Structures are given as structure tokens and as C-alpha cells.
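Participant: Quick one, what's the 3D model for this:
(chains A and B)
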Amino acid sequence: MCVFLPRFFEPSRSMIFRHIKRLSFTALYLGASFFTFAQTEGHDSGAMDSHATQEIHATHEEHAFHNSEAEEHGSFVAGDFIIHHIADANEIHFFGDINVPLPMIFYVEGKGFDVFMSSEFKSEGHGHNAHAIKMATGPNTGTTYTKDPDTGISAQGGEVFWDISITKSVFGMFFILIMLIVVLRSMAKSYSKKPGTAPTGLANALEPLVLFVKDDIAVPIIGKGKADKFLPFLLTTFFFIVASNLLGLIPFIGGFNITGTIGVTIVLAFFVFVISTVSGNKNYWGHLFSPPGVPNAVKLIVVPIEIFGVFLKPAVLMIRLTANISAGHIIILSFVSLIFIFNQNFGAGGGIGIGVFSTLFMIFMNLLELLVAFLQAYVFTLLAAIYFADATQEAHH
Amino acid sequence: MGTLLTPAFGTVFWATLAFLATLFILKKFAWGPILEALKAREESIGNALLSAEKAREEMANLNSDNERLLQEARASRDEMLKESREMADKVVSDAKARAKTEASREVEIARVAIATERKAAIAELKAEVAKLSINIAEKLLRDELADSDKQKALVDKLISESTLN
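Facilitator: Take a look at the predicted model:
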């Protein structure tokens, strides 16, 4: 990143220092979360084996065997439990056996679309088993789809197909975006109803956030005239990330992890990449391919790094957001897992004892996540704004 | 972990569509009006502040004008006072000078008159004395000078005795 630092520093020194402070806090927090996760993973080794080694080394059969064996013994696999809650799914799992099925949409090449609910997936063998292989037949094309909890969905007979199912994250994203449209539309209406007056109600509650993105992120970084062009994107991104992060913190509604789903964040990062590339001016491309004041020999090193950076910057945006939000969920789930692990290994007393400790920590983590929800939205929007500012900066030598 | 780190095609597909659609809808129906309203309000507040500033400036100008007028008035008053004082002084000194010359002239006239009067008085006195002397002399002479010799001797004596100035 140090290659980008000089340009990164340009907008306003004190402000950037403030950002750096916040960023370093995030880094610290991220480090702490990984540390905690590693600790927890260490705890559940032994009877359950290490999850990570399992993932890498175990063949499919061994894995299935291990899982079914684990379940026969009724033992608790923290890694699977956590991944199950973090990963995207084809249904919304509330608790116990209560699931809301979501639509599966497949496009089989040369045959057409298959649309059916995820509840069509039935395991062939014995009853309910979260780890069993399930199958369903497409109503239109007659293709048999096999859903393996470890390898995903495949079509029998080697059919080439595209899976555009409405997964939990997609559903959550739709929900958030529709909510945003409804809420922000009514906010806009309240402005046109009483022009020129102080905002009330909803508009009053949301206006500080809009002004924050506008006056504290976009305008000081991109510049007064140029910021207007990028504001709709920055505002939409900010509000989408905040709302998604907050939705993920509400328990018992299926544990949405929208911004922790890489498929969602890659799209956001891709838009940042496209916008900064499309709006890049002569100065931007000049700095990229022929940095002024750099000797030709050094250019040979710098230019590839700069070009790599163009792709790296949005990639980092994507990873940062996904990792932060997932990490928060992982920590909370790890504390939940601790209760089951202690209950299993030390009896009910151990479970209750650690439950008190875990609950206190989960409350703390939830509060921290509340902060991170806003912080990550801020960081994403801020960095996107910095990249846009980079692309549209005028020469100043 | 693979499912966590590999973007699923369906998710990317829907996320792109949904995000783009939302972006355009929000841009047209939410951000546009909201940002416009905020801008309008900002501008109206800015204008209000600006006009307040202008009014304040005008007020200050007015005040300084007043101050200047007052200063001028005060200066002209001082000037007038000074002039009138000078004029009064001049009048007084003129009058004094005139009075002085007048007085000295009067004194001169008086002196001349006095001198004239005195001379006249002396002359009159002389005449009176002479008349008186003649009368006395006549009486004496009538009494004493029955004879003309004696008369003559007396006259001579008297004349020689009376020195006239």
C-alpha cells in the first residue's frame, strides 16, 4: 500500500490522520478477532479434530463419514456450526427445524430455466440431517440437482447450468435495497412537501448520515464541484452497507451476513473499480503509466506495481468489508460454540458457567459490531471516495 | 471455507442487477431531490447569512457616516466660535482704541479751552482790577486829593507801586 500513500495523503492532512487512526483501530480489531477465533479453534480440537486440517486434507468421503460419525455421537462441531451460519444458504434458518425456503433458479444450457423452492431438496436416506446429500428434480428440464453440503450443487448427467437462485444473502440484499428505496423515497418526499424548512421525523434522523457522506467524505476528498457526480453511488453504498451490517446483527431472523458474503462485496468493489476507471482523467492515466519525476529504470518497477494497485485497491475494499463483517459474526458464534463445547465436555455446570461469561462477551461484541457496522460502511465509502478523487484529480505541479 | 471465499455466480448476478437498479431508482427519486433540497436550504441559509452581513456592514457605514457628520458639525461649530470670539475681541480692541483717542482729543480740547478761558479770565480780571483800582483811586482821590498836587503825587505813587504783569 505504501506506493499509494503519497497520493492517499493529499486531501487534508488532519482528516487523513483521523482516518488512519480509525483504520488502525479496525486493523487492531481485525487482528484481535482472528486471534480469538484461533483460540476458539484451538479449544475445540481433540475430540473433533481441527476443522482447518479437515477442510484441506479430508477427502469427501472421509469428511462425510467424520460428520455423520460426529453426529451419531451427538458431538458438536464448532467449525461446521460457525460456517453454516456465516455462509450463504438456500433457505433462511431461524432456529431448530424452522426454515423458510427460498426460490432455486437454474438455467440449464440448451434446456431452459428450472424454478422451484429449496424445500424441494430432499435427502434420500434417513430423515433430517444437515450434512446429508439432498436431491431435487427440476420441474421444467427434468434435470436432477444434487446438493452436497461440502461441494455445493451439481447437476446429474454433467449438464452445464447456471445457478441464479435467490440465496439468503440475495434475499437479504433485495430486502435492504427495497427498504432503502421506500425509506429514502419518503425522505425525499418530506423535503419537497416542506421546502426550505428544518427536517422532521425520518428525514431528520437520516439527514445527518446523508450530510456526513456529503460533507465529511465526498466534498472534502473529491472536491466541491466534482463530488456531485459520485454522491449517488457513495450514498447508496454507504446506506446499503450500514443497513446490511445492522440487519446481520439482529438475532433470530436467520443470521443475515450480506456484507460478509463475498459475492455481494465483489460487486460493490467492482463498481468502485469501474467508476474510478471510467472517470479517470488524463492526469490519472499519466501518473499511472508514466509517473512524472521518476527515472525510467524505476518506472519499470513502479508502473507494474501501480497497475497492479488499480486492481488491488478495489480487491482490498472487498476483502476488508467481507472479513470484518464475517469476523464479527464468527466471534459471536464462537462464544455460542463455547457454551456447547463446555456443556459437552464438562457437563451442564460447565455449560452454564461458561454461558455467563460468553453472554457477557457476546453483549460486548454486539456493541462493538454496532460500531463496526458504521465504521466499515464509513471506511468503504471513504476509500471509494479517495479512489474517485485520485481518478479525477487535476495536475498540480 | 471455500464457500466463504468464492463468489457465487448467482449472488454476483443478482447483486449487480439489484444494486444497479437501486442506484438508478435512488438517484432519480431519492438522492436527486434530497441533495437538491439540502443544497437549496444551504443556499438559502447562506444567502440569509450574507444579507445579514451586508445589513451589518450598511449599519456600520451608516454609523461611521453619522460619526463623520457629527465630527464635521463639531469642527464647524468650533470654527464659528473661534471666529466670533476673534471678532468680538477685535470690536472690543477697536472700541478701546477709539475711546482712547477720543478721550485724548477731548482732553486736548479741554486743555485748549481751559487755557483760553484762563487767558480771558485773566484779561477780564485785569480789566476788573483796573476798573476797581480806578474806582478806588477815584474815591481816594476824591477824598484825599482836594488839591491837584497831592493828587498827582498820589497817582504817581500808586502807579509805581502797582506792578502789572
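Participant: can you tell me which residues contact the closest residue to A:Asn281 other than its chain neighbours?
Facilitator: The shortest distance from A:Asn281 to any residue other than its chain neighbours is 5.8 Å, reached at A:Thr392 (C-beta to C-beta, 6 or more residues apart in numbering or on different chains). Backbone N, C-alpha and C define where each C-beta goes, glycine included. Counting by C-beta atoms under 8 Å, 6 or more residues apart in numbering or on different chains, A:Thr392 makes contact with A:222-223, A:226, A:279-281, A:284.
Participant: just A:Leu177 next, same as before
Facilitator: A:240, B:18-19, B:21-22.
Participant: nearest to B:Glu128, of these?
Facilitator: Closest approach to B:Glu128 among these (C-beta to C-beta): A:Phe240, at 149.0 Å.
Participant: Roughly how far does the closest one sit from A:Gly309?
Facilitator: Distance of A:Phe240 to A:Gly309, computed by C-beta to C-beta, to the nearest Å: 25 Å.
Participant: And the two? Which one has more around it.
Facilitator: More crowded of A:Phe240 and A:Gly309, by other C-beta atoms under 10 Å in any protein chain shown: A:Phe240, with 25 against 16.
Participant: residues contacting that one?
Facilitator: Counted by C-beta under 8 Å, 6+ apart, A:Phe240 has contacts A:176-177, A:180, A:268, B:19, B:22.
Participant: quick one: what helix or strand has it in it?
Facilitator: helix A:224-249 (DSSP states H and E).
Participant: Now do the helix or strand encompassing A:Ile331 against helix A:224-249: the angle between them, please.
Facilitator: If you go by DSSP H and E, A:Ile331 is part of helix A:296-392. On the basis of axes from the mean of the first three to the mean of the last three C-alpha atoms, to 10 degrees, helix A:296-392 is oriented at 80 degrees to helix A:224-249.
Participant: Off-centre distance for helix A:296-392?
Facilitator: Distance of helix A:296-392 from its chain centroid, counting by C-alpha atoms, centre = their mean, to the nearest Å, is 9 Å.
Participant: what's the next secondary structure element after the helix or strand hosting A:Ala203?
Facilitator: Using DSSP H and E, A:Ala203 maps to helix A:201-211. Next helix or strand after helix A:201-211 toward the C-terminus (DSSP H and E): helix A:219-222.
Participant: Packing partners of that next one?
Facilitator: For helix A:219-222, the packing partners by 3 or more C-beta pairs under 8 Å, 6 or more residues apart in numbering or on different chains; DSSP states H and E come out as helix A:224-249, helix A:296-392.
Participant: 10 Å instead, please
Facilitator: When contacts are defined as 3 or more C-beta pairs under 10 Å, 6 or more residues apart in numbering or on different chains; DSSP states H and E, helix A:219-222 sits against helix A:13-43, helix A:224-249, helix A:296-392.
Participant: any idea of the mean pLDDT for the first one?
Facilitator: So that's helix A:13-43. Per-residue pLDDT over helix A:13-43 has a mean of 49.
Participant: do the same with the shortest one
Facilitator: The predicted model assigns helix A:224-249 a mean pLDDT of 93.
Participant: do the helix or strand hosting B:Glu117 and chain A meet?
Facilitator: In the assignment (DSSP H and E), B:Glu117 maps to helix B:32-144. Yes: using C-beta under 10 Å from any C-beta of the partner chain, helix B:32-144 reaches chain A at B:32-45.
Participant: Closest one of the residues you listed to A:Leu206?
Facilitator: B:Ile34 (8.8 Å).
Participant: Quick check: that closest one touching A:Val183?
Facilitator: No: B:Ile34 lies out of contact with A:Val183 (C-beta atoms under 10 Å); the separation is 11.4 Å.
Participant: Looking at the two, which one has more neighbours?
Facilitator: B:Ile34 (28 against 16).
Participant: And for the residue of chain B found nearest chain A, the neighbour number?
Facilitator: Here chain B gets closest to chain A at one residue, B:Thr11, 2.8 Å apart by C-beta to the nearest C-beta. Neighbour count of B:Thr11, defined by other C-beta under 10 Å: 27.
Participant: Check A:Arg185 too.
Facilitator: A:Arg185: 16 neighbours (other C-beta under 10 Å).
Participant: mind checking how far it is from chain B?
Facilitator: 5 Å (C-beta to the nearest C-beta, to the nearest Å).
Participant: Pull the contacting residues for that residue.
Facilitator: B:25-26, B:29-30, B:33-34 (C-beta atoms under 10 Å, 6 or more residues apart in numbering or on different chains).
Participant: Run me through the strand neighbours of the helix or strand that contains A:Asn99, direction for each.
Facilitator: With secondary structure defined by DSSP H and E, A:Asn99 is part of strand A:98-101. Strands adjacent to strand A:98-101 in the sheet, as given by DSSP bridges, are strand A:91-95 (antiparallel).
Participant: buried residues in the strand holding A:Asn99?
Facilitator: The neighbour-count check on strand A:98-101 (16 or more other C-beta atoms under 10 Å in any protein chain shown) flags A:Asn99 as buried.
Participant: Can you tell me what sits against that strand?
Facilitator: A:89-94, A:116-121, A:168, A:171, A:252, A:254.
Participant: Could I have the buried ones of those residues as ChimeraX selection syntax?
Facilitator: Typed into ChimeraX, the next command selects the buried ones out of those (criterion: 16+ other C-beta under 10 Å):
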select /A:89,90,91,92,93,116,118,120,121,168,171,254
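Participant: Now the two most distant members of the contacts of strand A:98-101.
Facilitator: Most distant of the contacts of strand A:98-101, by C-beta to C-beta, are A:Phe116 and A:Phe252, 27.0 Å apart.
Participant: By mean pLDDT, which helix or strand of chain B comes out lowest?
Facilitator: In chain B, no helix or strand scores lower on mean pLDDT, DSSP states H and E than helix B:2-5, which sits at a mean of 70.
Participant: about what we covered before: and the helix or strand following the strand holding A:Asn99, is it in reach of chain B?
Facilitator: The helix or strand immediately downstream of strand A:98-101 is strand A:103-108, counting by DSSP H and E. Yes: shown here: strand A:103-108 in contact with chain B (C-beta under 10 Å from any C-beta) through A:104-107.
Participant: tell me the angle of the helix holding A:Phe240 relative to helix A:201-211?
Facilitator: Using the same axes, to 10 degrees, helix A:224-249 lies at 120 degrees relative to helix A:201-211.
Participant: next one: helix A:224-249 to chain centre, how far?
Facilitator: 15 Å.
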